[in-house]
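Asks: need coordinates for the below:
(one chain, ligands or ions: 2)
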Amino acid sequence: MPHIHRLSDLLVNQIAAGEVVERPASVLKEVLENAVDAGARAIEVQLEQGGVRRIRVADDGCGIARDELALALERHATSKITTLDDLEHVGTMGFRGEALAAIAAVARTSITSRAEGASHAWRIEAGREPEPAALDHGTVVDVADLYYNTPARRKFLKTDATEFAHCDDMFRRVALARPDIGLQLAHNGRVIHRLPPSPPPARVAALMGDDFLQHARELQADAGVLRLAGFASLPAYSRASRDAQYFFVNGRFVRDKLLAHAVREAYADILHGARHPAYALFLELDPAGVDVNVHPAKIEVRFRESRAVHQFVFHAVRRTLAESGAGRAAEVSA
Ligand code: ADP
Ligand code: MG
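Replies: Ligands and ions are numbered 1, 2, ... in the order given. You can find the predicted model right below:
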């Protein structure tokens, strides 16, 4: 008869990493979102070899106090929620307190941070004591040699170029969601994006192209509990793939069938065949009306009033297209 025993913390974290750390881009997502949650005004990302060799994110956020550095790397430790009620109204990107623990279990991870008001910075590696370090402000998270200790997972990594493309996409999502934050991305020493804080249209143009912006309609819809803003392409700018479709719910990039369907329906009469619209749409609603705690990566959401959300998004997009003249056919046939 096999004996039952408890798994070591490391193994527990490595198992959890299977859900949280799918590839370098998932590490980048978690570390970027932590910087955003820390109130950063400027974030700098350095990648090496598609992020497999290194992901280094520096921010000018609130920092982490020396005595909490070890906790930051522990599973189920977070500064973002305390009670179930907090969970239902969560306004931060993170709240599960598991990302850094999972990352540190499968990559050589260090955090250097200087908390507001501290006389100097401290640096920690998993399982070690913090050591004094030099840093003006904020936090630097350094994640090197992803999956160095889990060779089976390393085999699933694609080429550096493919992994970089996923990281780039992840960076773009955060940059679109937060035009107010200055963001920079470098890969193998080469700067790929340098984005100063900007008004939303300028940020959209920087990431999706001037051409998109010129062929897009700005969208503003407010139904009190539901608000939608952003840009949606006119038929003249349709695309062969769905590569330029960004939907955000309360600042979080999501991939949601219901929302995608609502937009597709709004275009149904004006885009035909295999053509797809491009859009960056931002839905805002009371956090209590949407459950983001469906999956560790929080890319799926569940709406409490899903029918109302579908209707609202559908009508908002369709009305915008109709006002531009593009949807006249749709209006007539409606
Ligand atoms: P979560 O984001 O869900 O709380 P994480 O494992 O990602 O969990 O991070 C654990 C904690 O470490 C956070 O709650 C936060 O207090 C702290 N932390 C992580 N990254 C940063 C950062 N860049 N700046 C300030 N604090 C951070
Ligand atoms: Mg986090």
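Asks: just the pLDDT at the residue nearest to residue 216 when sequence neighbours are not counted, thanks.
Replies: Nearest residue to residue 216, sequence neighbours excluded (CB to CB, 6 or more residues apart in numbering): residue 231, at 4.2 Å. Every residue, glycine included, has its C-beta placed from N, CA and C. Turning to residue 231, the model gives it a pLDDT of 97.
Asks: please compute how far the host helix or strand of residue 231 lies from its chain's middle.
Replies: Per DSSP states H and E, residue 231 falls inside strand 226-233. On the basis of CA atoms, centre = their mean, to the nearest Å, strand 226-233 is displaced by 18 Å from the centre of the chain it belongs to.
Asks: other SSEs contacting it?
Replies: Packing partners of strand 226-233 (3 or more CB pairs under 8 Å, 6 or more residues apart in numbering; DSSP states H and E): helix 200-208, helix 210-214, strand 216-222, strand 279-285, helix 306-323.
Asks: before we move on, back to that, is the residue nearest to residue 216 in contact with residue 220, as I believe?
Replies: No. If you go by CB atoms under 8 Å, residue 231 and residue 220 don't touch, sitting 10.6 Å apart.
Asks: of the two, who's got more company?
Replies: The residue with more neighbours, out of residue 231 and residue 220, is residue 231; 23 against 10, by other CB atoms under 10 Å.
Asks: please name the bridge partners of that one.
Replies: For residue 231, the beta-bridge partners under DSSP bridges are residue 218, residue 280.
Asks: report the contact partners of it.
Replies: Contacts for residue 231 (CB atoms under 8 Å, 6 or more residues apart in numbering) come out as 201, 204, 208, 212, 213, 216, 217, 218, 219, 279, 280, 281.
Asks: circling back to that earlier point, out of the helices and strands packed on strand 226-233, deepest packed?
Replies: Highest mean neighbour count among the helices and strands packed on strand 226-233 (mean count of other CB atoms under 10 Å): strand 279-285, with a mean of 22.
Asks: who are the packing partners of that strand?
Replies: strand 226-233, strand 245-249, helix 257-266, helix 306-323.
Asks: okay, now the closest residue to ligand 1 within the chain: neighbour count?
Replies: Residue nearest to ligand 1 within the chain (CB to the nearest ligand atom): residue 94, separated by 2.4 Å. Residues near residue 94, counting by other CB under 10 Å, number 19.
Asks: helix/strand/coil for the closest residue to ligand 2 within the chain?
Replies: Residue nearest to ligand 2 within the chain (CB to the ion): residue 94, separated by 2.9 Å. Secondary structure assignment for residue 94 (DSSP: H, G, I helix; E, B strand; the rest coil): coil.
Asks: sorry, back to before: out of the helices and strands packed on strand 279-285, which is closest to residue 182?
Replies: strand 245-249 (19.1 Å; CB to CB).
Asks: give me the residues contacting the helix or strand following that closest one.
Replies: The helix or strand immediately downstream of strand 245-249 is strand 252-253, counting by DSSP H and E. Under the criterion CB under 8 Å, 6+ apart, residues 93, 173, 174, 176, 177, 246, 247, 292, 298, 299, 301 lie in contact with strand 252-253.
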